[in-house]
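Colleague: turn this into a model:
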Amino acid sequence: MKLLHIALLLLPLAAGLVSVRSQPAPAAPAAGSVAPAGFVNAAHFGFSPDTSGLENMKALQRAVDQTGTIIVSQPGTYKVAGTVFLSSHTSLIFGHNVFLKKIDEQGAFSHVLLNKGALTKTYDEHISVEGLSIIVNGMDVRKFLVYGLHGQLAFFYVKDLRIERFRCLDIGKLQYGIHVCTFEDIVINDVILQGDKDGVHLGRGKRFTISRGTFRTYDDAVALNAHDYDVGNPELGWIEDGVVENCHDLADGKKPVGYFCRILAGAWIDWQAGMEVQKSDTVVAHGRLYRVFGSPDGKRYPSTTQPAHASGSQVLDGITWVVVQNDVTYTAGVRNVVFRDIFLGKPRIGFSVHFDNDRFSRSYYPGAKVPQQEQLTFDNIRVLHDQRKEFLSIGTPVDVLTIANCSFRNSRIDFHGNKAMPDYGRTKINLYGCVFNQPGTMDLLMNSVPNKEIVLKTSSNLEFHDDFSAKVSPGPGRITVDSDLTGLKR
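Modeller: Numbering: from 1, shown residues only. Alright, predicted model coming up:
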């Protein structure tokens, strides 16, 4: 009787299970229709490896317009013939062995992905792109949708952005791999970037992480360009509160032009009648920033008419003035950034903190407020090559440098300036827990800046060779030393 009673109790449940299992699977939405809430497969909108680049561009746009989470699951190479625009609250996930290949079916274009708010300077929020692989396919062009923005993957005016597992192995000479400017709270993780131009290029913003990056780039692997050329970034300002970690700068046999990391600062003044300006100079007028667009001819042009237009560009006195931004700042630089677990395999300058001062750009306008870089930390940086290249090349005022747990070879710290200003201030350096692998005498710290004051403190370091000796050269400045290193001990 007990068994019969249990069987009778289970009959309704069993009937329900049969009923559920017999339900037909939901049909996929027709191409172009609105998908149900939840995960959306871009294939439902016609995105396919077998479709033209123009149709794929339109199909992927229809898919991401749903917002939410959009997946591309079918392996293959997908042609795209134009930029796809992402809006807030959108996650775009690409499966393994999925590639987006730029193709010219309606004219060349710059960005594969760009956020919608970039066009109106309106913040987009909560965007993630995962597993994207871009094949540039020789389409390396600066056709500006936003003046100065030219990443293959680009974001401008964005908050809470995450880029995960991004690959691009054929970066050209004109466009960066990733370009982000005017941001808050971004994470760029697990990237492999190769080619001629910058791998990851940041403009102004705050709170960022760049991690697990493998770079083989002719130009900068990472660029923190608070200032930039007139075509290098859409806006200017401070880059702050960030971490660059667990990155590899790989050798490729080519003579590089860039650095593992470029840290670029700048400053400018209010417009003044009769002031001389050149390409990329910036001025403040009417509550806006204006920049000079022109050829890198090295010429200085007198400005007698103050720019006042609210947008776009205008030619005044033969000078093309471009509106940059409506929030005014007089300085740009990098502060409160930690670099750690970096492996420098390419024989080039590791970190360059500098002003531009050439025919392409003059970062510091004479008489402007001094933009002091602040609180830069270098932890567990490994120099893997033996060539004599600067570990740190510094050409701007910097307040404090912390260098810890690093492994040096023939890699010195060089303060050089570039005659941009009369006083480069005082810099304090705390260097500890490092290993010095260079045999014989090593130029640890060199200075060529007039009146530069440097305070160097070293402790708890290890000298690998018995004949090692550290050397500092104050040049026309002054270096105060408190050191545990041979050659510098009192």
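Colleague: identify the residues contacting Thr67.
Modeller: Going by C-beta atoms under 8 Å, 6 or more residues apart in numbering, Thr67 touches 87-90. No exception for glycine: its C-beta is placed from N, CA and C like everyone else's.
Colleague: if you set the cut-off to 7 Å instead, what comes out?
Modeller: Going by C-beta atoms under 7 Å, 6 or more residues apart in numbering, Thr67 touches 87, 89-90.
Colleague: just Thr427 next, same as before
Modeller: 398-399, 401, 454.
Colleague: identify the farthest-apart pair in these.
Modeller: Spatial extent of the contacts of Thr427 (C-beta to C-beta) is set by the pair Asp399 and Ile454 at 11.7 Å.
Colleague: which residue of those two possesses the greater neighbour count?
Modeller: Each of Asp399 and Ile454 has its neighbours counted (other C-beta atoms under 10 Å); Ile454 has more, 24 against 14.
Colleague: excluding residues flanking it in the chain, which one is nearest Asn461?
Modeller: Cys434 (5.0 Å; C-beta to C-beta, 6 or more residues apart in numbering).
Colleague: now Lys143
Modeller: Ser110 (5.0 Å).
Colleague: can you redo the contacts of Thr427 as TSV with distance to Arg167, pLDDT and secondary structure?
Modeller: Below are the contacts of Thr427 laid out as TSV (distance: C-beta to C-beta, whole Å; pLDDT from 0 to 100; DSSP: H, G, I helix; E, B strand; the rest coil):
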residue	distance to Arg167	pLDDT	secondary structure
Val398	34	97	strand
Asp399	38	97	coil
Leu401	33	98	strand
Ile454	42	98	strand
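Colleague: tell me the one of these nearest Leu149?
Modeller: Comparing the contacts of Thr427 against Leu149 with C-beta to C-beta picks out Val398 as the nearest, at 28.4 Å.
Colleague: any idea how far Ile319 is from that closest one?
Modeller: 33 Å (C-beta to C-beta, to the nearest Å).
Colleague: neighbour count winner among those two?
Modeller: Val398 (27 against 21).
Colleague: thought the more buried one was touching Gln373?
Modeller: Yes. Taking contacts as C-beta atoms under 7 Å, Val398 lies within contact range of Gln373: 4.5 Å.
Colleague: identify the contacts common to those two.
Modeller: Common neighbours of Val398 and Gln373 (C-beta under 7 Å, 6+ apart) are Val353.
Colleague: need phi/psi at the residue nearest to Asn461.
Modeller: phi -100, psi 160 (degrees, to the nearest 10).
Colleague: can you check Gly131 too?
Modeller: Torsion angles, degrees, to the nearest 10, at Gly131: phi 80, psi 20.
Colleague: spit out the contact partners of it.
Modeller: Counted by C-beta under 7 Å, 6+ apart, Gly131 has contacts 93-95, 98, 165.
Colleague: emit the ChimeraX select command for whichever of those residues are buried.
Modeller: Of those, the buried ones can be selected in ChimeraX as follows, counting by 16 or more other C-beta atoms under 10 Å:
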select :93,94,98,165
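Colleague: need the pLDDT of the residue nearest the centre of the chain.
Modeller: Centroid check for the chain by C-alpha atoms, centre = their mean gives His201 as the closest residue, at 2.7 Å. Note for His201: predicted pLDDT of 98.
Colleague: and if you look at Asp423?
Modeller: Asp423 is given a pLDDT of 86.
Colleague: repeat for Pro29
Modeller: Pro29 is assigned 47 on the pLDDT scale.
Colleague: got it, and Ile319?
Modeller: 96.
Colleague: chain neighbours aside, what residue packs nearest to it?
Modeller: Nearest to Ile319 is Tyr301, by C-beta to C-beta, 6+ apart, at 5.3 Å.
Colleague: likewise for Lys452?
Modeller: Once flanking residues are discounted, Lys452 sits nearest to Gly477: 3.4 Å by C-beta to C-beta, 6+ apart.
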